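Engineer: Test case, fold it:
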Amino acid sequence: MAHEVLLLSRKFRDNMDFANEFLEARNCFVSTKPISYPPDEDQLCELAASAAGIITGLEHISPAVMAAAPNLKVVSAGGVGYDHIDVEEANKREITVAICAGCNNHAVSELAFGMMLNLARQIRPADIAMRGDDSWGRFSGGELWGKTLGVVGVGRVGKATALLGRAFGMRILANDVDWDITFANEHGFSYVPLDTLLRESDYISLHCPLTTVTRGLIDEDAIDKMKETAILINTARGPIVKQEALVNALATKRIAGAGLDVFEVEPHPDNPYIEFDNVILTPHIGGSTAEAFDRAMYLAMVNVSNVLNGLPAHCAVN
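Structural biologist: Next up is the predicted model:
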């Protein structure tokens, strides 16, 4: 009997032909139930009722959704983050939770560096000036070469960011719960306590998952430890940074600027950061490249179809 897969990711549903072909070859099929976006919990419960597998975008797979799906065996995120899936409840129900590890490490790290370069060299205000009356205003910036980059969270994305920093001639400081000393030694950077990283870094780039430990990690106390010339980059998850603390720091020029791809609320109808010229804002596009999308869709399909056919997921987190 073929296994029903609920495909929630909007982008993946735009490639339904590939999804159908891939899954049908593996004794699975995509649910044809219509979806109204964004689906609320009640609709998710209805959609999941007969599903054996779910592939999510950022839809919240709650205990109620799992309870409504008695046949559910596996939930795969459509990317790397999985804070929208209740892993504790999945464990109770023996549901595998999987992610698309390795799908977007280059995409996210490149965006982080794009933000650093943009802020360092004032690319955005220079571009705006070129389109206005002050075409040849001089915009004095700084170089990344020789500066210190602090990488918080040194998984696949964090390591890719550290390697880009080395290529730019930066000194790299890293912090994580697990210290991969072998990798650090091979690539010429150091693990240090978070306080040291915050005090010594010119650029701080966040790449840790959102957990009970990292929620609010960058708060008033953390910002107070930073240099006044520091720039904070967040391409991980919005709630890792306390919004009020960062807004106050920018308003009082406690730090020099920020690059933000993620926010406490997404979409953010009243984004408080738009008033600051020294902040670069993007709408959670860190993993939004054609290459990362193709890898993510393939790996999500592998995760679900493997588990439903008695094989291990590409990357299970429980």
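
Engineer: Could you break this protein into its assigned domains?
Structural biologist: Domain segmentation of the chain under the TED database yields 3-102+290-309, 104-281.

Engineer: of all the ones you listed, which lies closest to Asn318?
Structural biologist: domain 3-102+290-309 (4.9 Å; CB to CB). For the C-beta atoms, the positions are set from N, CA and C on the backbone; glycine is no exception.

Engineer: end-to-end on that closest one?
Structural biologist: 9 Å (CA to CA, to the nearest Å).

Engineer: So which residue is smack in the middle of the protein?
Structural biologist: For the chain, the residue nearest the mean C-alpha position is Ala236 (3.9 Å; CA atoms, centre = their mean).

Engineer: which ones are touching that one?
Structural biologist: Taking CB atoms under 8 Å, 6 or more residues apart in numbering, we find Ala236 in contact with 81, 153, 157, 206-210, 262.

Engineer: Neighbour-wise, which one of those leads?
Structural biologist: Greatest neighbour count in these, by other CB atoms under 10 Å, goes to His207: 30 neighbours.

Engineer: and that residue, what pLDDT?
Structural biologist: As predicted, His207 sits at a pLDDT of 98.

Engineer: Next: Thr196.
Structural biologist: For Thr196, the predicted pLDDT is 99.

Engineer: Surely it is in contact with Ala174?
Structural biologist: No: the criterion here is CB atoms under 8 Å, and Thr196 misses it with Ala174 at 10.7 Å.

Engineer: So which of the two has more stuff around it?
Structural biologist: Using other CB under 10 Å as the criterion, Thr196 and Ala174 rank with Ala174 on top: 26 against 15.

Engineer: helix or strand for that one, which one?
Structural biologist: strand 171-175 (DSSP states H and E).

Engineer: ok, how many other residues are close to the nearest residue to Lys11 once chain neighbours are set aside?
Structural biologist: Leaving out its chain neighbours, the residue that sits closest to Lys11 by CB to CB, 6 or more residues apart in numbering is Phe293, at 6.4 Å. When neighbours are counted by other CB under 10 Å, Phe293 registers 21.

Engineer: so how far is Val152 from the residue nearest to Lys73 when sequence neighbours are not counted?
Structural biologist: The shortest distance from Lys73 to any non-neighbouring residue, by CB to CB, 6+ apart, is to Ala52 (5.3 Å). From Ala52 over to Val152 the distance is 37 Å, taken as CB to CB, to the nearest Å.
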